[in-house]
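Peer 1: Based on what follows, work out the 3D shape:
(chains A and B)
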Amino acid sequence: MTGSSGPSTALLVERSAAGDLSAFEALYHQHLGRVFALCLRMCGNRSEAEELTQEAFIRAWRKLPSFRGDSAFSTWMHRLTVNVVLGHKRSSGRREDREAVAGERWYDDGATTRHNPASTLDLERAIATLPDGARTVFVLHDIEGYTHAEIAAISDIAEGTSKAQLSRARMLLRKALSS
Amino acid sequence: MTQLMCDDVASKLDELIAEALDEPDAAAVRAHLASCGHCRNELALRRRLTDAVDSLPRSIEPARDLWPEIRDRLEPRVVVPGRFARRRATTWARARLAAAAAAVLAVAVTAAYLIGVEHGRPKLVSTSAVSAGLVRASASDIDDDLERATAKLRARLDDRRDELSPETWSVVMDNVAVIDRAIERIELALADNPNDRRLNLQLAVAYRRQIELLRRATTLPADV
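Peer 2: Next up, the predicted model:
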């Protein structure tokens, strides 16, 4: 996501809302990297992230006619993606122990590792192996800049739980990075 | 200045890094750090993590192009005047809206059926008891919260799939789909008239019906 909705984005949004597929494809290319990164970090699994990215864009297409422009399209798309991932987590009933090996999977392709230094990959790997709840809070708070109040609201958890999960995530990551 | 113990300092290090401590607290933590190698080491580890997170790329490209699969799954959209045009609802939009409202009412009948099933006997329910509070809510106000609520209920319903008879499951799913389509149509009409009170009410009613239907379905006895 580009972080700003200039005239060209506004025009693409308007044309997409009116049913123009080529305009929506352009929006897809503009925002793919941010959407995929968010999905990948939140779920810790590359193939699942690809599915969720697809789902996010399909839902965006469906909901674009009701996008009012109160926020930037990038913000709207980001929020929609978070909702898609959280909805998926709830519906798939994921369990933390099931995800313990996720970190061995998600970055195993040349496209995502090509430009990343080793320390970044170590951190990505460590994030991917975090327990699900801790990873969600860490990604939303420390990477995406959400407040605990916002995380509590969108994740249906108490603010205190969000803080505890963040503390747990940071502790596990420090351990992983210092080992 | 208050003397801090290592545990106190550890609980404040993240705030120190984020420069979120007020000055007296920050000074107390710094004083402790000056004489405690263990806490200095802990601070260095935390700074290392913060720096590493700051250097993460904001954007990651997937290994393959996802667009062809996305494109194949997009439902074609009938071209309607966009929200930017701020035009009055077209006859077409009004017709679709009427259909959507009818669909929502039709589903209310199913909700009544499910309530009857739940209590083991037919039971009539009023379809007019819509929360007055929702009337004043705009679509943007209700959309995210209600969408979250429905997603949660759907997940709960999915978990119960094996407990419900195929007939009941089919009735529920058919009607969920009907309401989904109704919501989509109302949202399309709202794109023309975002402040239309009647449209916002109908969207609220549709969401409310969906939540009601899902809630009933999730509480049905097993093996209905």
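Peer 1: so residue B:194 sits right up against residue A:68, yeah?
Peer 2: Yes - taking CB atoms under 8 Å as the definition, residue B:194 is a contact partner of residue A:68 at 6.0 Å. The way it works is simple: take the backbone N, C-alpha and C, and place the C-beta from them, glycine included.
Peer 1: Output the below-cut-off pLDDT ranges for chain A.
Peer 2: Within chain A, the stretches with pLDDT under 70 are A:1-7, A:93-118.
Peer 1: Determine the longest helix present in it.
Peer 2: Taking DSSP state H as the criterion, chain A has its longest helix at helix A:21-43.
Peer 1: neighbour-wise, which of residue B:194 and residue A:68 wins?
Peer 2: Using other CB atoms under 10 Å in any protein chain shown as the criterion, residue B:194 and residue A:68 rank with residue B:194 on top: 17 against 13.
Peer 1: Where does that one sit: helix, strand or coil?
Peer 2: Secondary structure for residue B:194, judged by DSSP: H, G, I helix; E, B strand; the rest coil, is coil.
Peer 1: Look up phi and psi at it.
Peer 2: Phi and psi for residue B:194, reported as degrees, to the nearest 10, are phi -60, psi -30.
Peer 1: just the helices in the chain please.
Peer 2: Just so you know, I chose chain A. A:7-17, A:21-43, A:46-63, A:73-92, A:110-113, A:118-128, A:132-138, A:148-155, A:159-178.
Peer 1: Chain B is the one I meant
Peer 2: Under the criterion DSSP H, chain B contains helices at B:6-10, B:13-17, B:23-35, B:37-54, B:67-73, B:91-118, B:132-135, B:139-159, B:166-192, B:197-218.
Peer 1: okay, and for chain B, where does confidence drop off?
Peer 2: Counting by pLDDT under 70, the ranges of chain B that qualify are B:1-2, B:77-145, B:147, B:223-224.
Peer 1: Let me see the domain layout of it.
Peer 2: For chain B, automatic domain parsing gives the domain ranges B:6-54, B:87-218.
Peer 1: do the same with chain A
Peer 2: The record's domain parsing of chain A by automatic domain parsing lists A:1-94, A:107-179.
Peer 1: Would you mind putting the ones you listed into CSV with distance to chain B alongside?
Peer 2: Shown next, in CSV, are the domains of chain A (distance: least, CB to the nearest CB, whole Å):
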stretch, distance to chain B
domain A:1-94, 3
domain A:107-179, 4
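Peer 1: Out of those domains, which is the most enclosed?
Peer 2: Using mean count of other CB atoms under 10 Å in any protein chain shown, the stretch among the domains of chain A with the largest mean neighbour count is domain A:1-94, at a mean of 20.
Peer 1: how many other residues sit next to the closest residue to residue B:30 other than its chain neighbours?
Peer 2: The shortest distance from residue B:30 to any non-neighbouring residue, by CB to CB, 6 or more residues apart in numbering or on different chains, is to residue B:16 (7.9 Å). When neighbours are defined as other CB under 10 Å, residue B:16 has 18 of them.
Peer 1: can you pull the contacts of residue B:16?
Peer 2: Residues in contact with residue B:16 (CB atoms under 8 Å, 6 or more residues apart in numbering or on different chains) are B:26, B:29-30, B:43.
Peer 1: what does residue B:148 give?
Peer 2: Contacts of residue B:148 by CB under 8 Å, 6+ apart are A:83, A:86-87, A:154, A:156.
Peer 1: what's the residue most central in space within chain A in contact with, if anything?
Peer 2: The centre of chain A sits closest to residue A:38, judged by CA atoms, centre = their mean, with a distance of 2.1 Å. Applying CB under 8 Å, 6+ apart to residue A:38 gives the contacts A:78, A:81-82, A:85, A:139, A:144.
Peer 1: out of those, who's nearest residue B:6?
Peer 2: Set against residue B:6, the nearest of the contacts of residue A:38 by CB to CB is residue A:139 (29.2 Å).
Peer 1: For the closest one, which non-adjacent residue is spatially closest?
Peer 2: The spatial neighbour of residue A:139 that comes closest, neighbours along the chain excluded (CB to CB, 6+ apart), is residue A:41 at 4.6 Å.
Peer 1: Thank you, goodbye.
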